[in-house]
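>>> Just the structure for this:
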Amino acid sequence: MSGVAIRMALAAVLALGAIRVPAAHELTGDIRDAVTGTAIPGASVTTGNRAMSADALGRFAIDDVGSGLRVRAPGYRREDVRVDPQTRSPIEIRLTPFTPRAIYLSVYGIGNAKLRNAALELIRRSRLNALVIDVKGDRGMVAYRSVIPLAATAGAQRIITIPDLHALVDMLHRRGIYAIARIVVCKDDLLAAARPDLAVKRQDGSIYRDREGMRWVDPATRDVRAYDIAVAAEAAAAGFDEIQFDYLRFPDDSDVRLPDAATEEARVRAIGGFIDAARARLVPHNVFLAVDVFGYVCWNPEDLRIGQRLEDLLPRVDYLSPMLYPSGFTFGIPGCTDPVAHPYEIVRRSLERALERTHASPLRFRPWLQAFTDYAFDRRQFGAGQIREQIRAAEDAGTSGWMLWNPRNIYSDGGLARGEPPPPYSSSSGIPDKEPTQ
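The predicted structure is shown next:
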């Protein structure tokens, strides 16, 4: 075969994608599971301010890597990879599987020595290995000393419950604890009071207040977006493993006026745009990004008038965290009209519905589970049996862990002990265990 023919044949093969010849300045490699050796498709690879995704076989090619890469994938620990300038392609990066199992501490909980130490001790002696911490809480308080001007202007710095954010994260990491920064976005009474121009309004033009008397801000506005993403960037710089946005939605009330989000598509676009902007800002930190959503988002194809639509949210985040509290399913689900009597079914079937709709890996989901007394049905206590049932449902569905929510920040090791036997509680009986003494 002549030289011309060989070059033509090679060009044809390259055009088909069968062979890829990397440029001289490119680093190529593949990303694999450290335990099984299998490829990890879609893993995120970043260098500096640039990010890309590995292909379906876990392969990547990236240029100008400098001294290192940062890599992450749902269901694994994130990794920083040092790259010797003399390293020759391809390289192999192995990620360690990791399943977060978390409890939550509020702005006040993390600052209260008794609650904080109880949570750390529970993590030490149980199956737990992660902690969700409010860095910006439900009323708009920013719990650490921030340099963001709007935090001071809004009055969000009047009470500081985390004296040193970096030191807190370092302490958690030394204990092997996965650190999740919860940031409440739209339910922000302080910002809405300080900046009425950012507040959600009622149809009559007055400022909207929810059932708790709290004011909200509009996520479609530039200043709200910039403020909360700046908080996320500070948390990521402090070393948090994951940023979790909560209340990233419009109020679930028909009496609100949303001039920039009057239609479903406009609402969905506003929420999606917020996430896209956050993801772009957080690229250098290689931090996992998560969003909390209503439990019914798993079931409803529409946006529930709040801007949360499953198929639009999931491609934008590493993890989606539906709040699958049985008490929150006030209308039940098909075939289950008494959700608090069937915690396993509520969690398992909601996750299955989400997986059917998205065709995604279950590792993209990490649900919130109920660890508080019912408020919507019969006021039953949720104790060890109900907690075990919810955990079993999440684990049977194959999700990337789970998180327990108790607004009082008080938890028992019931249902969380290592090597516990199967739960004695049967969700079909509707008879709850006694809740641990609080």
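
>>> show me where pLDDT drops low in the protein?
Within the chain, the stretches falling below the threshold (pLDDT under 70) are 1-25, 67, 85, 419-438.

>>> Next, find the distance separating residue 368 from residue 306.
Distance check for residue 368 against residue 306: by Cβ to Cβ, to the nearest Å, it reads 16 Å. No exception for glycine: its C-beta is placed from N, CA and C like everyone else's.

>>> what's the neighbour count on residue 404?
Using other Cβ atoms under 10 Å, residue 404 has 22 neighbouring residues.

>>> That one sits in which helix or strand?
Counting by DSSP states H and E, the secondary-structure element that holds residue 404 is strand 402-405.

>>> Which strands border that strand, and is each parallel or antiparallel?
Within its sheet, strand 402-405 is paired with strand 101-105 (parallel), strand 368-370 (parallel), according to DSSP bridges.

>>> now the longest one, how far from the chain's geometric center?
This points to strand 101-105. 12 Å (Cα atoms, centre = their mean, to the nearest Å).

>>> Moving C-terminal from that strand, which element do we reach first?
helix 107-111.

>>> With just CA atoms, put that next one into CSV.
As requested, the backbone C-alpha atoms of helix 107-111 are provided in CSV (Å, rounded to 0.1, in the frame of the first residue of the first chain):
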residue,chain,number,x,y,z
VAL,A,107,-27.4,27.0,62.3
TYR,A,108,-28.0,26.8,66.0
GLY,A,109,-27.3,23.0,66.3
ILE,A,110,-23.8,23.3,64.9
GLY,A,111,-23.1,26.1,67.4
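
>>> Touching that helix from outside, list them.
Counting by Cβ atoms under 8 Å, 6 or more residues apart in numbering, helix 107-111 makes contact with 115-116, 119, 133-134, 137, 141, 143, 159, 161-162, 168, 409, all of which sit outside it.

>>> And stretch 312-324, by the same measure?
For stretch 312-324, with Cβ under 8 Å, 6+ apart as the criterion, the contacting residues are 44, 72, 74, 242, 244, 268, 271-272, 275-276, 279, 288-295, 297-298, 310, 346-347, 350-351, 354, 358, 360, 364-370, 390, 400, 403, 405.

>>> And the helices in the protein, which stretches?
Counting by DSSP state H, residue ranges of the helices within the chain are 3-15, 107-111, 113-125, 149-153, 165-174, 189-194, 222-237, 264-282, 310-313, 343-358, 384-397.

>>> Ok, which of these comes nearest residue 328?
helix 343-358 (9.0 Å; Cβ to Cβ).

>>> and the closest one, what does it pack onto?
Using 3 or more Cβ pairs under 8 Å, 6 or more residues apart in numbering; DSSP states H and E as the contact criterion, the neighbours of helix 343-358 among helices and strands are helix 310-313, strand 319-323, helix 384-397.

>>> Pick the most deeply packed of these.
Greatest average neighbour count among the helices and strands packed on helix 343-358 goes to strand 319-323 (a mean of 24), per mean count of other Cβ atoms under 10 Å.

>>> That one to helix 343-358, inter-axis angle?
On the basis of axes from the mean of the first three to the mean of the last three Cα atoms, to 10 degrees, strand 319-323 is oriented at 140 degrees to helix 343-358.

>>> from here on, count from 23
Sounds good: first residue 23 from here, last item strand 341-345.

>>> show me what contacts residue 396?
348, 349, 362, 402, 403, 404.

>>> May I have the phi/psi pair for it?
Reported as degrees, to the nearest 10, the phi and psi values for residue 396 are phi -60, psi 140.

>>> Can you verify my assumption that residue 178 contacts residue 211?
No: because the distance of 10.1 Å does not satisfy Cβ atoms under 8 Å, residue 178 is recorded as not touching residue 211.

>>> Which of the helices and strands packed on helix 365-380 sits closest to residue 79?
Nearest to residue 79, of the helices and strands packed on helix 365-380 and by Cβ to Cβ, is strand 341-345 at 23.1 Å.
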